[in-house]
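# quick one, what's the 3D model for this:
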Amino acid sequence: MRHASDTTRARTAAALLGLTGLVALSACADQGGEADASSAPPEVAQSASSPMAGGDTASPGTGGTPAFTAALKDAEGGDVGTVEFTEAEGAMELHVQATGMDPGFYGLHVHAIGQCEPDSAAPDNPDKTGAFLSAGGHLGGTETQHPEHAGDLPTLLVQESGDGHLTFHTDRFTAEDLDDEDGSALMIHSTPDNYANIPERYAPEGPDEDTTKTGDAGDRLACGVVEAAQG
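Here you go, the predicted structure:
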């Protein structure tokens, strides 16, 4: 009888130990689940506000009020687009919007005179006439060679839709340069600007005078007089 009692007590103790272990494991599991939930990375917890999750995204540009604008028109007077000039810290921000154009790259410059006459003479050569020649050469074009002119700008890319959008900063000119006595104009050219980057294998003597003056950007396709923004 003594042996039977000992056996019963041993079995009871084993059962109690097993139950205690199950309770401990259950408690650990609950604590671990809470720790996992509370230690999620911030970017995961906040993903609903990220751009990938459809939240608001900042629009291009500084969001400031434009100081100048230019309405771009072709030689027939058709609307081509608009340009906004906004003063930024130590620079000028340009936001270009074009529409109804053929897809491709187009040269873009600020020209030295605020005139966009569709059939006009070049100020430095009255015998030469053509679209928007009254706007003169590039802003700062008499002071250095292309592409170091103050008016030399990045090339505009027009998409298959016919729309082109470009926003950038330049520190090459100021508000005073745009709004001097004879004003200024924004020009879209018919072909891309090569920025006088002519490989030596094509021109062992370097780019010629036309290239260092214009970047071979082609005809003047659209022009807009730079004017003080209204309001």
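# so who does the nearest residue to Leu153 once chain neighbours are set aside touch?
Distance criterion CB to CB, 6 or more residues apart in numbering; nearest residue to Leu153, sequence neighbours excluded, is Leu108 at 4.5 Å. Where C-beta positions appear, they are placed from N, C-alpha and C, glycine not excepted. Counting by CB atoms under 8 Å, 6 or more residues apart in numbering, Leu108 touches Val96, Leu153, Pro154, Thr155, Leu156, Leu166, Leu186, Met187, Ile188, His189, Asp193.
# in the chain, what spans have low per-residue confidence?
Where the chain drops to pLDDT under 70, the residues are 1-62.
# and the residue nearest the centre of it, how far from Leu94?
The residue lying closest to the centre of the chain (CA atoms, centre = their mean) is Thr167, at 4.4 Å. Counting by CB to CB, to the nearest Å, the gap from Thr167 to Leu94 is 7 Å.
# same check, this time on Ala131
According to CB to CB, Ala131 and Leu94 sit 22 Å apart.
# repeat that for Asp119.
27 Å.
# rewinding a little: who does the residue nearest to Leu153 bridge with?
Beta-bridge pairing for Leu108 (DSSP bridges): Ile188.
# ditto for Gly81
Listed beta-bridge partners, Gly81: Leu72, Ala98 (assigned using DSSP bridges).
# looks like it contacts Asp74 (just checking).
No: with contacts counted by CB atoms under 8 Å, Gly81 stays clear of Asp74, the gap being 10.1 Å.
# residues shared between the contacts of those two?
Common contact partners of Gly81 and Asp74 (CB under 8 Å, 6+ apart): Ala222.
# in this structure, which spans are helices?
Under the criterion DSSP state H, helices of the chain are mapped to 2-38, 42-45, 175-178, 209-214.
# contacting residues around the third one?
The contact list for helix 175-178, computed with CB under 8 Å, 6+ apart, reads Ala67, Phe68, Phe85, Glu87, Met92, Val110, Leu139, Gly140, Ala150, Ser184, Val226.
# now neighbour count too, for the residues you listed, in JSON lines please.
Output for the contacts of helix 175-178, formatted as JSON lines (neighbours: other CB atoms under 10 Å):
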{"residue": "Ala67", "neighbour count": "17"}
{"residue": "Phe68", "neighbour count": "21"}
{"residue": "Phe85", "neighbour count": "25"}
{"residue": "Glu87", "neighbour count": "16"}
{"residue": "Met92", "neighbour count": "21"}
{"residue": "Val110", "neighbour count": "29"}
{"residue": "Leu139", "neighbour count": "27"}
{"residue": "Gly140", "neighbour count": "17"}
{"residue": "Ala150", "neighbour count": "22"}
{"residue": "Ser184", "neighbour count": "27"}
{"residue": "Val226", "neighbour count": "23"}
